[in-house]
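Participant: give me the fold of what follows.
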Amino acid sequence: MEKWKPIKGFEGCYEVSDEGRVRSIDRIVTFKDGRTNRRKGIVLTIHINTKRWNYRYANLSRKGKEFPFYVHRLVALHFVSNPGNKPQVNHEDGDKGNNRWKNFKWVTPKENGNHAARMGLVWRKLNRDQVIEIRKEMDKGIRGTRARLARKFGVREGTITFAMETHWRHV
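Facilitator: Predicted coordinates for the structure are as follows:
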């Protein structure tokens, strides 16, 4: 069963669930001029931040200002213990759309980067010897070489193309 907890700093206005949903709660809003209005609570729309690695976020309002909050951080802060006081939240399955509490683990930046590399979520850097090997293989002109080399070195195919071009001119 889905569990809801008040969001710290927004108590009485918003709650987050262990399933990765955010909702406003029924409340009375007082405006600057003293008028009041009854607001019915709703489950908020979750947006995708395409400029920041496609993390999901929800906008919370307070005193007429909107504040975007990453859903994975809200869920982790309220449902995942952090005894080591680690600063980052890792999506264990690598899916930024899966914001259920069981998918999260608090990690250091290094642990998060290593996990992303193991999952193939980031480009790994190539060294000089690897670039030389890639060029030799690509020069053979065998079909499917780019994909095979990408798998071999744990990088994306675009990284293989990049190794063939200007950045590695000195090799």
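Participant: element containing residue 68?
Facilitator: strand 65-70 (DSSP states H and E).
Participant: what of residue 38?
Facilitator: Short version, using DSSP H and E: residue 38 is in strand 36-39.
Participant: the strand holding residue 68 - contacts with which helices or strands?
Facilitator: In terms of contacts (3 or more C-beta pairs under 8 Å, 6 or more residues apart in numbering; DSSP states H and E), strand 65-70 is packed against strand 47-49, strand 55-62. Where you see a C-beta, it was placed from the backbone N, CA and C, and this is true even at glycine.
Participant: that strand: partners in the sheet, and parallel or antiparallel?
Facilitator: When pairs are called by DSSP bridges, strand 65-70 turns out to pair with strand 55-62 (antiparallel).
Participant: buried residues, the strand it pairs with. List them.
Facilitator: Using 16 or more other C-beta atoms under 10 Å as the test for burial, strand 55-62 gives 55, 56, 57, 58, 60.
Participant: with stretch 62-75 instead?
Facilitator: Buried-residue list, stretch 62-75, by 16+ other C-beta under 10 Å: 69, 70, 71, 72, 73, 74, 75.
Participant: looking at those residues, spot the one nearest residue 126.
Facilitator: residue 72 (30.2 Å; C-beta to C-beta).
Participant: one step back: distance to residue 160 added to the buried residues of strand 55-62, as TSV?
Facilitator: Shown next, in TSV, are the buried residues of strand 55-62 (distance: C-beta to C-beta, whole Å):
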residue	distance to residue 160
55	28
56	31
57	33
58	38
60	43
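Participant: return the member of those nearest to residue 98.
Facilitator: Using C-beta to C-beta, the buried residues of strand 55-62 come closest to residue 98 at residue 56, 9.6 Å.
Participant: give me the most central residue, this structure.
Facilitator: In the chain, the centroid-proximal residue (C-alpha atoms, centre = their mean) is residue 55; its distance is 4.0 Å.
Participant: what does the domain assignment say about the protein?
Facilitator: Listed by automatic domain parsing, the domain ranges of the chain are 4-119, 128-168.
Participant: follow-up on the earlier one: so what secondary structure elements neighbour the strand holding residue 38?
Facilitator: strand 27-30.
Participant: list the buried residues in the strand it packs on.
Facilitator: The neighbour-count check on strand 27-30 (16+ other C-beta under 10 Å) flags nothing as buried.
Participant: ok, and what's touching it?
Facilitator: Residues outside strand 27-30 that contact it (C-beta atoms under 8 Å, 6 or more residues apart in numbering) are 12, 13, 36, 37, 38, 39, 41.
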